[in-house]
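In: Just the structure for this:
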Amino acid sequence: MSGTIGDDTSETVTADGPVRTDRLADGVLVMTLDRPEARNAVDGETSRALGAALALLDSDPGLAVGVLTGAGGTFCAGMDLKAFLRGDKPEIPGRGFGGLTQAPPRKPLVAAVEGYALAGGCELVLACDLVVAAEDASFGLPEVTLGLIAGSGGLLRLPSRVPRQVAMRLALTGDRFGAVDAHTWGLVGELTPPGGALAAAVALAARIARNAPLAVEATKRIIVESPDWPSTEIWERQQAELDRIVESADAREGASAFAERRRPQWQGR
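Out: Have a look, this model is predicted:
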């Protein structure tokens, strides 16, 4: 695992295989693509393992936020082309590339990027909600140089994460771009020194995990879905979410904790 996640690991869910998962005491699940010999390129087995980890993140009430990273100083070099030539496909029906791109989790997901995030690796990053990257990290959608297209969300998501002219140029040329530029454009939210992306991503995830889980999920849902809501329905749809949250036990707990000057004890209901 590139970087350090500290000493608060409470349980190792999976110790081997193509995806390593570390469950931290603060409700953060760190998912590490663990094929450093292949620069963490994704094959079918990796997609199934990551899809299972993401399903765990969403289904376990003790988990609040996920962090996705790569082992050996590289995030992900994309699709495993050798496996592809053998007929092994890295997409899961209904979930997409890496078990992520078509069905991101309900809970927040933070990318911690060191080294390369190329092709499908860049598309995994684009499927995350927040991105922390080392200053020397490198991104790119080089599919057109290989006779392919970035069909796992790259062409759909990049224009909403960087200026349209930038997205068009990067997608049509296949050029790589650095983390500093990605930060300037808004794709990367936080830059760190080399080797520091994972620790910073875990710290960010832990800050999110301290908040009320129902409110966090609803907040993500509104931000992700509201651009597609009809303009005549946006306030009505948000109000439905707000009503559900206001009536929750957590909303009452939050108000009580604030009045009593104590840390809230969230129940997720």
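In: Okay, strands next: where are they in this structure?
Out: 9-14, 19-24, 28-33, 65-70, 91-92, 96-97, 109-113, 116-118, 130-134, 138-140, 176-178, 190-192 (DSSP state E).
In: any chance of these in a markdown table, plus mean pLDDT and mean neighbour count?
Out: Heads up, the C-betas are built off the backbone N, CA and C, glycines and all. Rendered in a markdown table, the data for these read as follows (pLDDT from 0 to 100; neighbours: other Cβ atoms under 10 Å):
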| stretch | mean pLDDT | mean neighbour count |
| --- | --- | --- |
| strand 9-14 | 52 | 13 |
| strand 19-24 | 97 | 22 |
| strand 28-33 | 98 | 26 |
| strand 65-70 | 98 | 29 |
| strand 91-92 | 94 | 20 |
| strand 96-97 | 97 | 25 |
| strand 109-113 | 98 | 29 |
| strand 116-118 | 97 | 26 |
| strand 130-134 | 98 | 26 |
| strand 138-140 | 98 | 23 |
| strand 176-178 | 98 | 17 |
| strand 190-192 | 98 | 20 |
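In: ok, residue 176 to residue 137 distance?
Out: 10 Å (Cβ to Cβ, to the nearest Å).
In: and stretch 112-120, how far from the chain's centre?
Out: The chain centroid and the centroid of stretch 112-120 are separated by 12 Å under Cα atoms, centre = their mean, to the nearest Å.
In: For that stretch, list the C-alpha coordinates in PDB.
Out: Taking Å, rounded to 0.1, in the frame of the first residue of the first chain, the C-alpha atoms of stretch 112-120 are listed here in PDB:
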ATOM      1  CA  ALA A 112      -5.800   8.400  -3.300                       C
ATOM      2  CA  VAL A 113      -3.600   8.700  -6.300                       C
ATOM      3  CA  GLU A 114       0.200   8.100  -6.500                       C
ATOM      4  CA  GLY A 115       2.000   7.500  -9.800                       C
ATOM      5  CA  TYR A 116      -0.100   6.700 -12.800                       C
ATOM      6  CA  ALA A 117      -3.900   6.800 -13.200                       C
ATOM      7  CA  LEU A 118      -4.200   6.000 -16.900                       C
ATOM      8  CA  ALA A 119      -7.100   4.800 -19.100                       C
ATOM      9  CA  GLY A 120      -9.400   2.700 -17.000                       C
END
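In: count of residues packed around residue 161?
Out: 16 (other Cβ atoms under 10 Å).
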